[in-house]
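Enquirer: Sequence first, then the predicted structure, then my questions.
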Amino acid sequence: MNTSTLPNGARGTTAVTVSRPSMQWYLTLAGVVLLIVGSLLSWCYDEGVLGNVSLNVNPGPIQVFMIVIAVLTLFFLLLRGGLFPVLDRLLDSARALRALGATATAFMVAVVIVIALQTSGLANADPGVFVALVGAALITWGSWSLASDPTVDPVSVHMRGWVDILVIVALLAIVLFGAAYALGQEDGTVFVLFLSVLGGVSLALARSGLFSWIRVIAQRHRQVLMLGAFAVAFLFPFTQNGSDANMSIATQVIIFATTALGLNIVVGLAGLLDLGYIAFLGAGAYVGATLSYSAFATIHWKPPFIVVMIIGACVSATLGLIIGTPTLRVSGDYLAIVTLAFGEIFRLAMFNLDGNNGPNLTRGPNGIPAIPDLEFFGFNFGDTHDIFGIPINRFGNYYFFLLVVAAIIILVFTRLNNSRIGRGWVAIREDEKAAEAMGVNTFGLKLFAFAGGAFLAGLAGTVKAHQDVSVTPDQYVFLESAFLLAAIVLGGMGTVAGVLIGATILKLLPEKLRFVSDYRLLIFGLLLVLIMRFRPEGLVASHRRQLEFHEEDTELAEHVEHAHLEATAGSEGTA
Amino acid sequence: MTATAHAASAPARTDPKVVLEAKGVIMRFGGLVAVDDVDMVVREGEIVGLIGPNGAGKTTFFNCLTGMYKPTEGTVTFEGSVLPPKPRAVVKAGMARTFQNIRLFGNMTALENVMVGRYCRTSAMALTSIVRGPKFRHEEAATRQRAQELLDFVGLGRTTEHLARNLPYGDQRRLEIARALATDPKLLLLDEPTAGMNPKETQETMDLIFKIRDSGLAVVVIEHDMRFIFTLCDRVLCLVRGALLVEGSPATVQSDPRVIEAYIGTGPDAPAPTPTAERPAVSLSKEEQA
Ligand SMILES: Nc1ncnc2c1ncn2[C@@H]1O[C@H](COP(=O)(O)OP(=O)(O)O)[C@@H](O)[C@H]1O
Ligand SMILES: [Mg+2]
């Protein structure tokens, strides 16, 4: 079939098929060799710079990054050389090589500058760093003039099922080990460098078209990807060997992500701007705290935790109904203002229910401390348990429990999205008046999303109370709602994967990097501005949202439609 | 009043059941009276035309009927019970509409658009949708199948998976009809269904409306294309400046001097046009009206 007529089908205009490697090809290859050799040599006499790059044949972390880049470059070179014709049709190696070369060069220049600054001058630099620099420069030079090679639209390429699944498994394995590796880095500078290399490599892979291919594969094998991602999340604690620090961060990340997923139903699916979502989490947390075995708990009724969860969720949902019923009848802007105010009211109410100004429920600014760990059937979440010989500590226990909560919310999210209710939500986002005129219960659906989101937040809140040990009003301030919203916007409204990624980035960076946590408002603000400018649909775009953000882009619409047609044709073929 | 023309044609046959009855509908926007005391009756299996120059209040009248506006005065009775001015209740009762300026859900596929129309005739709620029992799957499948049938019915069977915003203009109008039909209406209100269409598409739309009528629905059509209206309709109402000017059979309305006057805008003391002189009014096309 003729794929070149398809929209976005052929990227390059010069359809050159490379039969014999060109001059530039060998130049790039030489660059790869130099980069690897250089990275295996010592870069600096000083051991204290950049997490020790002073050893020969024993590369430090940064040198490992460079070797990874070199190997990737080699892979794309071989692709270019015609080693894997199938992949060559899918991936544009020239673009990838250029991006890799630019990354490597920028990186090596940065390394030289850091060495010069930290060891007062370049006197301490070893020849290795210059060999690597030259290698990087050669890759850039060689790849710069390579002709872009035409690729086909990945939706029209059908490979064997197991190839697809192998790609997914490989990808998830890289994610798991990458995450474990990144978290294992104690040195802040190395972590930043790791992130920038990751950024550069991602850019290269994105330019090569790898991500659009992966996206197509992921759509074809959604179930496999979901299970795989869950498996990765499940296996993560086992890579940590009982390390408290990282598991604590991971638990923070997962509770943040779980809450963001709940908010994503409200914002991403129903299209409602909720600026006070954290208050619903807080309501759940306060229910969890006041009904706990803490000596400071103000209610002396101790139901089993599962009952507490349901009560917490219902209290939140009731608050959601109280806020939503009057405001959801009027236009969207009011909801944003009312929820903003509600968040403040909640915080102040918790602050003041201390026995002086009202009944003593929350102990005011002191909050409710010393909340004991959860215990199910004699299994105490505070104890460390050995599983397969690997200790799973207190944080690990909560992590697994929260993983289950997250899985439930993801299930609710995806199933609602693909149902009568989900269609109603899309219709409301598209044209509320028309939806109403076609018999869609717009008010009911909006209220359901709002109160349902509150329900899920309340559920998560009860767990958070135990995990945090204490509950105080200042944990539930507006800024937290803003961060949740930022995670959704950054990751991609209306997607599960995007919100998970967004939440991870937003929670992980400040935990791992001091300077990010000092300037986090500034950094996240800039990040959001950039995202809004260059990719308003977020890192992982849902097709529908992408279309909504690009109403004028007819080419995009045709492309999405083409992908959709291919997908439905594919599923009918296999069914 | 307009009673002369109406009284002559109405009692002659045994009348079918009244589906819709609007009585004394008045819609004021501040000082402007957009709809001025309009009565309308629609019977089973009837195609009623609603004509009038631009700004006469035809769309506003539709909005009053469908509950999108709450009429300042007057009642709308559907199959014997008074309709509340709530679009959802109106759809549920069995009256569906299309829009003059197409209001499809552009980023949904054609099929999904029609499936949204099934919303009010299906019932899967949150828990059912999450658990996905056999009842849910059965209902989803039925919704999908009905939507596909309706797309086939309006002639869009091959564009099921296309995005609504990618469809050609004529297909978008037909998709809106399919979406309205998905609500299982007894009465269909079409607001300028052929606006922007070429003669061939206009003819197809006419055939489609006949087909809809033959499947047992009553239809009310707003149009500017006189040839279209007079061929299609059993009865025609002409609105001018919000008020009902003439009502009667196409032939009566066609030859009524006041209608022609309203369209050409001649002064009140201009000579009444003869049937031949009326041609220009009849052929007044949508280009001039647009
Ligand atoms: N929501 C509104 N607010 C104020 N005036 C309106 C509104 N809707 C319609 N009108 C006015 O009512 C009159 C009739 O409009 P419309 O019903 O659209 O006419 P038609 O459909 O016959 O061309 C116009 O003068 C229009 O400006
Ligand atoms: Mg109109």
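Expert: Great, that's in hand. Ligands and ions are numbered 1, 2, ... in the order given.
Enquirer: what about the strands in chain B?
Expert: B:18-29, B:32-43, B:47-51, B:73-78, B:81-82, B:95-97, B:187-191, B:218-222, B:235-240, B:243-248 (DSSP state E).
Enquirer: okay, the ones you listed, which one's buried deepest?
Expert: Between the strands of chain B, strand B:95-97 has the highest mean count of neighbours, a mean of 27, where neighbours are mean count of other Cβ atoms under 10 Å in any protein chain shown. (Glycine included, C-beta is placed from N, CA and C.)
Enquirer: and that one, average pLDDT?
Expert: Along strand B:95-97, the predicted local confidence has a mean pLDDT of 95.
Enquirer: can you check stretch A:360-368 too?
Expert: When pLDDT is averaged over stretch A:360-368, the result is 82.
Enquirer: I'd like to know which of the strands of chain B lies nearest to residue B:61.
Expert: Put simply, out of these the one that sits nearest residue B:61 is strand B:32-43, at 5.0 Å, with distance taken as Cβ to Cβ.
Enquirer: didn't residue A:302 look like it was pressed against residue A:291?
Expert: Yes: under the contact definition of Cβ atoms under 8 Å, residue A:302 touches residue A:291, with a separation of 6.7 Å.
Enquirer: now the strands of chain B as a markdown table including distance to residue A:104?
Expert: Compiled in a markdown table, the strands of chain B are given as follows (distance: least, Cβ to Cβ, whole Å):
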| stretch | distance to residue A:104 |
| --- | --- |
| strand B:18-29 | 67 |
| strand B:32-43 | 69 |
| strand B:47-51 | 71 |
| strand B:73-78 | 72 |
| strand B:81-82 | 76 |
| strand B:95-97 | 62 |
| strand B:187-191 | 62 |
| strand B:218-222 | 66 |
| strand B:235-240 | 73 |
| strand B:243-248 | 78 |
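Enquirer: of those, which approaches chain A most closely?
Expert: Taking Cβ to the nearest Cβ as the criterion, chain A comes closest to strand B:95-97 out of these, the separation being 6.4 Å.
Enquirer: Kindly provide the distance from residue A:514 to chain B.
Expert: With distances defined as Cβ to the nearest Cβ, to the nearest Å, the gap from residue A:514 to chain B amounts to 42 Å.
Enquirer: Any idea how many residues pack against that residue?
Expert: Here the count is done by other Cβ atoms under 10 Å in any protein chain shown, and residue A:514 has 10 residues near it.
Enquirer: cool, and the one 5 residues further on?
Expert: With neighbours defined by other Cβ under 10 Å, the count for residue A:519 comes to 14.
Enquirer: Can you check the pLDDT for it?
Expert: The per-residue pLDDT reported for residue A:519 equals 81.
Enquirer: Next up, the contacts around residue A:115.
Expert: Going by Cβ atoms under 8 Å, 6 or more residues apart in numbering or on different chains, residue A:115 touches A:43-44, A:46, A:49-50, A:122, A:124-125, A:129.
Enquirer: which parts of the helix or strand where it lies are buried?
Expert: When elements are assigned from DSSP states H and E, residue A:115 belongs to helix A:93-118. Of the residues in helix A:93-118, those buried under the neighbour-count criterion (16 or more other Cβ atoms under 10 Å in any protein chain shown) are A:93-105, A:107-108, A:111-112, A:114-115.
Enquirer: again with stretch A:417-428
Expert: Using 16+ other Cβ under 10 Å as the burial criterion, the residues of stretch A:417-428 that qualify are A:417, A:419-428.
Enquirer: go on, stretch B:184-204?
Expert: Along stretch B:184-204, these residues count as buried under the neighbour rule (16+ other Cβ under 10 Å): B:184-195, B:197, B:201-202, B:204.
Enquirer: what about that stretch, average pLDDT?
Expert: Per-residue confidence for stretch B:184-204 averages out to 93 on the pLDDT scale.
Enquirer: chain center to it: distance?
Expert: For stretch B:184-204, the separation from the chain centroid amounts to 8 Å (computed by Cα atoms, centre = their mean, to the nearest Å).
Enquirer: Great, nothing more from me.
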